[in-house]
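Asker: I'd like to go over a predicted model; first the sequence, then the structure.
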Amino acid sequence: MPIVNAPGGFACVLPDLPDGARIAAGEAADAGLATRFVRSRAELASRIPGIIRAASCRPVWIAWPQKSGPFATNLTQQDVRRAGLEGGLVDYKVCSISEAWSGLLFRWRAP
């Protein structure tokens, strides 16, 4: 699973991974899932084209700082959802990744 732009120490908050699973600090062409971290509306706007490209071949989590967390910014769940939907993606899961980060899982919209 590629993890892009993660905060320092993020791997420490992940539980034990299943056998055969691995984390890559960047793009991995053979990965079945990717996670992209964004910290602001401006960063989301600049990264969404790459996120959409990545979602063409695998589901992609977009993670943003929770409002009450230490990295809180102007970015909201609605901003992330809107950016994905406008890019032709559909979100189908939401989660609290940690005390500081939330995420939406996107994939290409079925025709």
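Answerer: The structure has been received and is ready for your questions. Model, not experiment: these values are computed from the prediction. Numbering: from 1, shown residues only.
Asker: Can you classify Val80 by secondary structure?
Answerer: Secondary structure assignment for Val80 (DSSP: H, G, I helix; E, B strand; the rest coil): helix.
Asker: ends of stretch 82-96, how far apart?
Answerer: 19 Å (C-alpha to C-alpha, to the nearest Å).
Asker: Have a look at this structure and report its longest helix.
Answerer: helix 41-55 (DSSP state H).
Asker: Specify the beta-bridge partners of the most centrally placed residue in the chain.
Answerer: Among the residues of the chain, the one closest to the centroid is Ile62, at 2.1 Å (C-alpha atoms, centre = their mean). Under DSSP bridges, the beta-bridge partners of Ile62 are Arg36, Leu104.
Asker: which residues of the chain fall in helices?
Answerer: Along the chain, counting by DSSP H, helices occupy 41-55, 77-86.
Asker: Am I right that Ala83 is in contact with Ala45?
Answerer: Yes: shown here, Ala83 and Ala45 form a contact pair, counting by C-beta atoms under 8 Å, at 7.3 Å. For the C-beta atoms, the positions are set from N, CA and C on the backbone; glycine is no exception.
Asker: would a markdown table of the helices of the chain with distance to Pro70 and mean neighbour count be doable?
Answerer: Below are the helices of the chain laid out as a markdown table (distance: least, C-beta to C-beta, whole Å; neighbours: other C-beta atoms under 10 Å):
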| stretch | distance to Pro70 | mean neighbour count |
| --- | --- | --- |
| helix 41-55 | 17 | 16 |
| helix 77-86 | 18 | 16 |
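Asker: worst average pLDDT in those?
Answerer: Lowest mean pLDDT within the helices of the chain: helix 41-55, at a mean of 91.
Asker: Not counting its own residues, what contacts that helix?
Answerer: Outside helix 41-55, the residues that touch it by C-beta atoms under 8 Å, 6 or more residues apart in numbering are 2, 5, 27, 34, 36, 38, 60, 62, 64, 73-75, 79-80, 83-84, 87-89, 106-108.
Asker: Mind giving me the ChimeraX command for buried ones among these?
Answerer: A single ChimeraX command is used to select the members of those judged buried by 16 or more other C-beta atoms under 10 Å:
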select :2,34,36,38,60,62,64,75,79,80,83,84,87,89,106,107,108
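Asker: Sweet, I'm off.
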